[in-house]
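[1] Dropping a prediction and its sequence here:
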Amino acid sequence: MSGSTAPGTPRGALLDRNWNELLQELRVAQTGVQILTAFLLTVPFSAAFETLTHERRIVYVGVLVSAMTSMLLLMTPVALHRRLFHRGERPWLVAAANRLSLVGLGLLAVANVGAAWLVVDVVLGTAEAFVVAGLMGLLALVLWWAMPMLTRRSHRE
């Protein structure tokens with residue numbers, strides 16, 4: 001069976017390597033999103049939160065929801081693995097974990113850009129916040145989307 005996904009087969013070894021690489025990447029992303037989420041969860045309990053305008057509170061809630069959703073998406077592959085352990089679902093698990101991770105990273109970028117906007121808006125003002133957030137959003141787009149797309153395209157040619 002050349003298409004077998006058993007651990008001793010070439011396809012099984014590739015799936016194992018892909019899974020292990022994905023887990024290593026998730027460890028890095030999970031740490032970042034957990035720190036951001038923990039920070040965001042403490043913000044409403046500070047005295048300065050009371051001075052935020054309604055619009056800033058809406059942005060805060062959007063950033064918090066983005067960060068928490070990102071955290072759930074980035075942790076879901078681990079939960080799926082626990083539920084599907086030794087069930088022969090590695091091909092599906094690797095594909096699903098990849099998709100969940102991509103969406104989770106996208107929401108992490110949104111949360112980081114939004115958090116930067118909120119902090120800069122409070123510290124310097126709205127115009128400066130849009131500049132900083134725009135630059136951060138552009139940087140995330142270039143590094144996390146455009147660079148990989150250009151690399152994939154150049155390797156196809």
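    All right, it came through fine.

[2] Now the terminal residues of stretch 81-89, how far apart.
    9 Å (Cα to Cα, to the nearest Å).

[3] next one: it to chain centre, how far?
    23 Å (Cα atoms, centre = their mean, to the nearest Å).

[4] Would you mark the buried spots in that stretch?
    Of all the residues in stretch 81-89, those buried under the rule 16 or more other Cβ atoms under 10 Å are His81. In this view, the C-beta of every residue, glycine as well, is placed from N, C-alpha and C.

[5] Next: stretch 138-152.
    Ala140.

[6] How about residues contacting it?
    Leu105, Gly106, Ala109, Asn112, Val113 (Cβ atoms under 8 Å, 6 or more residues apart in numbering).

[7] how close does the first one sit to Leu143?
    Using Cβ to Cβ, to the nearest Å, one gets 11 Å for the distance from Leu105 to Leu143.

[8] before we move on, what about the third one?
    Using Cβ to Cβ, one gets 9 Å for the distance from Ala109 to Leu143.
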